[in-house]
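Q: missing the sequence, but the structure's below:
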Ligand SMILES: NC(=O)C1=CN([C@@H]2O[C@H](COP(=O)(O)OP(=O)(O)OC[C@H]3O[C@@H](n4cnc5c(N)ncnc54)[C@H](O)[C@@H]3O)[C@@H](O)[C@H]2O)[C@@H](O)CC1
Ligand SMILES: [K+]
């Protein structure tokens, strides 16, 4: 599903109205009706609905909602924040209909009207926030600020129309203050502000509802951002034939592990094999060989001589490079440690191997000192940095990256021609062409050591099984998050181990296959 910024939503509306002749008032009517459907589903949770309208079309949606609820016999009260005379054309039209129905509509524009409004913010009243939507253009101030703060302080249940008022639809940033909704009905397609943090915390549950805009119009706007949903994911899951053998499911080569970090290698390998890869070779310092083969007998180990205890020596590199004709994918980095040898190996692999490569963890740290190596790469590269690693790669602060995760990932991917998986509570996948995929599943239990190694394993596995690097990254991130959700439902967020995610992966894949 596409994910829009405000200006793209405005383009969709304009195309629908100007080029396809769908009157804006019809779109507003449809918008109001789909929100009413949601309000009716909550019928046992309120006695009265209090609708708070702003000056633009979001407010116009609010008036439509009021009319339909009134027709259905629901007790409704309507407020306009600011001056009624400032309502825009379509909002005014719907306001006028309500007036003809002898609705009493009050303005909130001074202390006494504010006090009168606050008396409606009590238990049993559902507050509908129709103040601002995609037209939010500046910091909230004045009477709007007072209204939003009063709702947050005193209201018991709030439903926002399209976006919680005060959230920037382009970024998810809070513009001064914002409504803390329990539920948000996002219209047509979700906006970035419905999905990214901090906005996501203000949306509550997000319900996406069409309002009769044909898909072709949305496609013609050329949106490059996508929300990862099951309809994108399901067709990517590798198909397994009854009459098949391990060679049909891909060959992977993982270079991982050092003394004290053998676990990273084990987790990556388990995740790769548990998500369907046919054959896996693990290149490790020879002193880890016994530990690894007893922990995960299904993997073929290639023990390599060490230059120091636990560090692969440079003399092995020719063999590793020559072996690159065997696998369908190479992953490098988990638990390798930070040393000049791993840097040299990555440089050589980029220069000499044509096999798709997933670089994570210490591989990213090695690369961050010499990003220009990417200029000479012969292979497609997937990088999977968390915010700290992205900070090392770009020189940006964590705050700057968190403030614009999509922009950061897109700029990096375009500049260095990589598929970039910027990991976080909302992982962002960006392609060199500027396409973006945002993932919303997963939970805080996954913020645990080794979680990234599992993700590397899944993405590697999916490339081995024939997916292109973008598809593998998208499917891998989704499965990883879903695995976390499945396991947290069983074990709770506090006790999740990265190893649990491996078990969760098998369940997440099965869920998709059997759907
Ligand atoms: N034809 C359309 O464009 C449709 C729009 N729809 C609804 O309309 C919304 C967008 O409507 P609009 O573009 O009119 O925008 P909004 O209704 O979100 O708000 C725009 C109005 O708020 C004012 N404003 C913006 N930021 C402010 C601030 N910080 N303080 C005070 N005033 C501020 C603007 O000056 C303008 O008057 C959508 O979110 C959706 O709910 C739906 O009715 C479907 C059709
Ligand atoms: K709103």
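A: Perfect, thanks for sending it. From a predicted model like this one, the values you see are computed outputs, not experimental measurements. Ligands and ions are numbered 1, 2, ... in the order given.
Q: who's in contact with stretch 167-176?
A: 4-7, 9, 133-134, 136, 138-141, 145, 163, 166, 178-179, 191-200, 202-203, 403-404 (C-beta atoms under 8 Å, 6 or more residues apart in numbering). (C-beta placed from N, C-alpha, C; glycine too.)
Q: quick one: the strand or helix carrying residue 513 to chain centroid distance?
A: Here residue 513 sits within helix 498-514, counting by DSSP states H and E. Computed by C-alpha atoms, centre = their mean, to the nearest Å, the chain-centroid distance of helix 498-514 equals 19 Å.
Q: So which of the contacts of stretch 167-176 sit within helices?
A: 6-7, 9, 145, 192-195, 199-200, 202-203, 403 (DSSP state H).
Q: For these, pick the one with the most neighbours.
A: Tallying neighbours with other C-beta atoms under 10 Å puts residue 193 at the head of the ones in helices among the contacts of stretch 167-176, with 33 neighbours.
Q: which ones are touching that residue?
A: 163, 167, 168, 169, 170, 171, 172, 173, 199, 203.
Q: Just among those residues, which is most surrounded?
A: residue 163 (36 neighbours).
Q: Distance-wise, check that one relative to residue 491.
A: For residue 163, the distance to residue 491 (C-beta to C-beta, to the nearest Å) stands at 34 Å.
Q: Can you name every helix or strand that the helix or strand where residue 456 lies contacts?
A: Under the criterion of DSSP H and E, residue 456 resides in helix 451-464. Judged by 3 or more C-beta pairs under 8 Å, 6 or more residues apart in numbering; DSSP states H and E, helix 451-464 is in contact with strand 251-255, helix 262-274, strand 329-332, strand 357-359, helix 469-491, helix 498-514.
Q: make it 6 Å
A: helix 262-274, strand 329-332, strand 357-359, helix 469-491, helix 498-514 (3 or more C-beta pairs under 6 Å, 6 or more residues apart in numbering; DSSP states H and E).
Q: Give me the helices and strands touching the last one, please.
A: Spelled out, that is helix 498-514. Using 3+ C-beta pairs under 6 Å, 6+ apart: helix 498-514 touches helix 262-274, helix 451-464, helix 469-491.
Q: Okay, buried residues for stretch 386-404 please.
A: 386-387, 389-391, 393-394, 396, 400-404 (16 or more other C-beta atoms under 10 Å).
Q: Just the element for the closest residue to residue 226 other than its chain neighbours, please.
A: For residue 226, ignoring the flanking residues on the chain, the nearest one in space by C-beta to C-beta, 6 or more residues apart in numbering is residue 437 at 5.0 Å. When elements are assigned from DSSP H and E, residue 437 belongs to strand 436-438.
Q: roughly how far is that strand from the heart of the chain?
A: With C-alpha atoms, centre = their mean, you get 7 Å for strand 436-438.
Q: who touches that strand?
A: Contact with strand 436-438 is made by 195, 225, 226, 227, 228, 406, 426, 428, 429, 430, 474, as judged by C-beta atoms under 6 Å, 6 or more residues apart in numbering.
Q: near ligand 1, from the ones in helices among the contacts of stretch 167-176?
A: Here nothing survives when the ones in helices among the contacts of stretch 167-176 are matched to ligand 1 using C-beta under 6 Å from any ligand atom.
Q: could the residues you listed be laid out in a markdown table, adding distance to residue 30?
A: Converted to a markdown table, the ones in helices among the contacts of stretch 167-176 look like this (distance: C-beta to C-beta, whole Å):
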| residue | distance to residue 30 |
| --- | --- |
| 6 | 19 |
| 7 | 21 |
| 9 | 15 |
| 145 | 31 |
| 192 | 23 |
| 193 | 21 |
| 194 | 19 |
| 195 | 23 |
| 199 | 24 |
| 200 | 26 |
| 202 | 25 |
| 203 | 21 |
| 403 | 34 |
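Q: how about those in CSV, adding pLDDT?
A: As requested, these are exported to CSV (pLDDT from 0 to 100):
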residue, pLDDT
6, 97
7, 97
9, 98
145, 98
192, 98
193, 98
194, 98
195, 98
199, 97
200, 97
202, 98
203, 98
403, 96
